[in-house]
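*Asks:* below is the structure, and that's it, no one-letter string:
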């Protein structure tokens, strides 16, 4: 098979499985809806905010408040794209048709990343504009310094989350095991490590905490993070690269 044929094949696989399509839609809906709700609540409670909270207020990042839940749906998408073939046994047929495992994985990653980024762009821009509408007088503009970078960064962040999940799922080859590790890690463990003073300096180097910096425009007044938006994105890219490399090595060495 040529690279183009592999990509067409992977596209057919993904769109023919309803669960993968639905998870992308859920990621968009949850991110937009929760971001709008948090933005509206913050607007209504503005007078109750402390001076430091007002100085640290980031209208752009507030509109992405739903990303913490939306990313969970993107994790499910990344895991399903890989593990569906293992759970159904189709992986044997796929590898027989594409014996070059690097090409096989690259085709799957290309299609999934393209879909994730397309959904991420729509989600990110929609979440931003809806969130700013909810914020009213406290909103910002897409033309303000750093805002467009943050909005596009939201789409990149969602894409990287999906790719990281695909790398982990390729290593583990089990949907239940992959989700059993990834969901608690991103939803609980990362947040706990980032909130506890003893582990905070470690937590900020985890992929989600580092990567989310790309969506921030305003630096909090008490922030001591030693990297900025692009540094955080670079850290997340490093995590993704390690996960994908691990996935490739396992795929290359193990039988289907």
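*Replies:* Right, received. Where do you want to start? All values derive from a computational prediction rather than experimental measurement.
*Asks:* helix or strand with the lowest mean pLDDT in the chain?
*Replies:* Least confident helix or strand, the chain: helix 90-97 with a mean of 76, by mean pLDDT, DSSP states H and E.
*Asks:* check which residues of that helix are buried.
*Replies:* Residues of helix 90-97 classed as buried: 91, 94-95 (neighbour count, 16 or more other Cβ atoms under 10 Å). C-betas here are computed from N, CA, C, even on glycine.
*Asks:* by contact count, what packs against it?
*Replies:* Contacts defined by 3 or more Cβ pairs under 8 Å, 6 or more residues apart in numbering; DSSP states H and E place helix 90-97 against helix 67-88, helix 101-135.
*Asks:* next, the contact list for residue 248, please.
*Replies:* Residue 248 sits next to 101-102, 105, 170 when contact means Cβ atoms under 8 Å, 6 or more residues apart in numbering.
*Asks:* oh, that last question was meant for residue 146, not what I typed.
*Replies:* Residues counted as contacts of residue 146 (Cβ under 8 Å, 6+ apart) are 60, 217, 229.
*Asks:* same thing but at 6 Å, please
*Replies:* Contacts for residue 146 (Cβ atoms under 6 Å, 6 or more residues apart in numbering) come out as residue 217.
*Asks:* quickly note the distance from it to residue 126.
*Replies:* According to Cβ to Cβ, to the nearest Å, residue 146 stands 19 Å off from residue 126.
*Asks:* so which of the contacts of residue 248 comes closest to residue 134?
*Replies:* The nearest member of those to residue 134, counting by Cβ to Cβ, is residue 170 at 39.0 Å.
*Asks:* all helices of this structure, in order?
*Replies:* Counting by DSSP state H, the chain has helices at residues 3-16, 18-44, 51-56, 59-63, 67-88, 90-97, 101-135, 147-172, 175-184, 190-195, 200-203, 207-211, 229-253.
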